[in-house]
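[1] Structure here, sequence nowhere to be found:
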């Protein structure tokens with residue numbers, strides 16, 4: 001083989017490998033660790049995420065979608081932290097290791113308020129590191145509405161304008177009814193996004209598994225930026 005042909009063959013092989021390994025979805029899991037979440041409820045969240053990741057259906061979806069995953073913990077104003085930087089879900093062993101790390105993540109904040117908008121802003125900034133991923137998704141979970149910062153409306157709009165989809169996992173309490181779910185529907189999720197409701201923190205593991213499956217398995221997983229004009233107008237009219 002001539003040097004020219006050898007170079008062409010090498011480039012073709014590299015391009016083929018890159019195509020196979022391309023990232024389909026980049027997903028940020030943004031966990032509420034505000035003062036309304038006690039130590040037991042925090043553990044229910046971390047262990048619930050870990051359990052969901054190693055579920056057979058979720059594991060298969062993560063591998064099929066070549067997912068990049070990150071975890072953010074958030075509370076009040078200026079209380080947001082990346083707890084797990086981007087990890088590529090490219091083999092079952094990597095998923096198992098990631099699940100084990102998440103199950104034992106130390107809590108970043110305790111006793112704070114609820115600044116949902118600032119959590120969205122931090123999560124949105126992370127996607128600059130995974131530009132090879134075709135779809136960008138923020139998965140916000142929480143058990144309260146915004147009581148500090150009050151930037152959720154602008155944060156959601158900015159994320160939407162960057163092509164980011166925001167979905168919500170609303171954790172209801174004994175006396176909240178559907179108020180947290182309604183807050184997430186009205187203020188947090190982007191058009192085309194959705195809300196899954198957990199009936200208290202004990203239901204979190206079931207809810208996060210359902211949510212991940214819906215986010216990761218086509219045709220339910222939507223491509224950010226593919227929304228129609230009517231949905232864009234709907235966003236513009238929201239508070």
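    Done, it's in. Treat the numbers as computed from the prediction; the structure is a model and nothing was measured. Numbering: from 1, shown residues only.
[2] Flag the shaky bits of the protein, pLDDT-wise.
    For the chain, the stretches flagged by pLDDT under 70 are 1-21, 219-239.
[3] Show me where it has its helices.
    Per DSSP state H, the chain carries helices over the ranges 3-21, 39-53, 56-64, 92-103, 116-125, 152-161, 179-183, 204-216, 229-237.
[4] and those helices as a markdown table, adding distance to residue 84?
    C-betas here are computed from N, CA, C, even on glycine. What follows is those, written out as a markdown table (distance: least, CB to CB, whole Å):
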| stretch | distance to residue 84 |
| --- | --- |
| helix 3-21 | 21 |
| helix 39-53 | 10 |
| helix 56-64 | 14 |
| helix 92-103 | 6 |
| helix 116-125 | 12 |
| helix 152-161 | 20 |
| helix 179-183 | 25 |
| helix 204-216 | 15 |
| helix 229-237 | 29 |
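[5] Now stretch 51-60: buried residues?
    51-55, 58-59 (16 or more other CB atoms under 10 Å).
[6] coming back round to it: determine which stretch of the helices of the chain is the most buried.
    helix 116-125 (a mean of 24; mean count of other CB atoms under 10 Å).
[7] what's that one in contact with?
    28, 30, 70, 72, 74, 77-80, 82, 138, 140, 142, 145-146, 149-156, 158-159, 162, 164, 166, 187-188 (CB atoms under 8 Å, 6 or more residues apart in numbering).
[8] One more pass at 7 Å, please.
    The contact list for helix 116-125 (CB atoms under 7 Å, 6 or more residues apart in numbering) reads 28, 30, 72, 74, 77, 80, 138, 140, 142, 146, 149-152, 154-156, 158-159, 162, 164, 166, 188.
[9] Quick one: distance of that helix to the chain centre.
    Chain-centre distance of helix 116-125: 11 Å, with CA atoms, centre = their mean, to the nearest Å.
[10] picking that back up, out of the contacts of helix 116-125, which sit inside strands?
    By the criterion of DSSP state E, membership of these in strands covers 28, 30, 72, 74, 80, 138, 140, 142, 164, 166.
[11] on that earlier part again, which one of the helices of the chain lies nearest to residue 110?
    Closest to residue 110 of the helices of the chain is helix 39-53 (CB to CB; 8.1 Å).
[12] angle of the closest one against helix 92-103?
    Following axes from the mean of the first three to the mean of the last three CA atoms, to 10 degrees, one obtains 170 degrees for the angle between helix 39-53 and helix 92-103.
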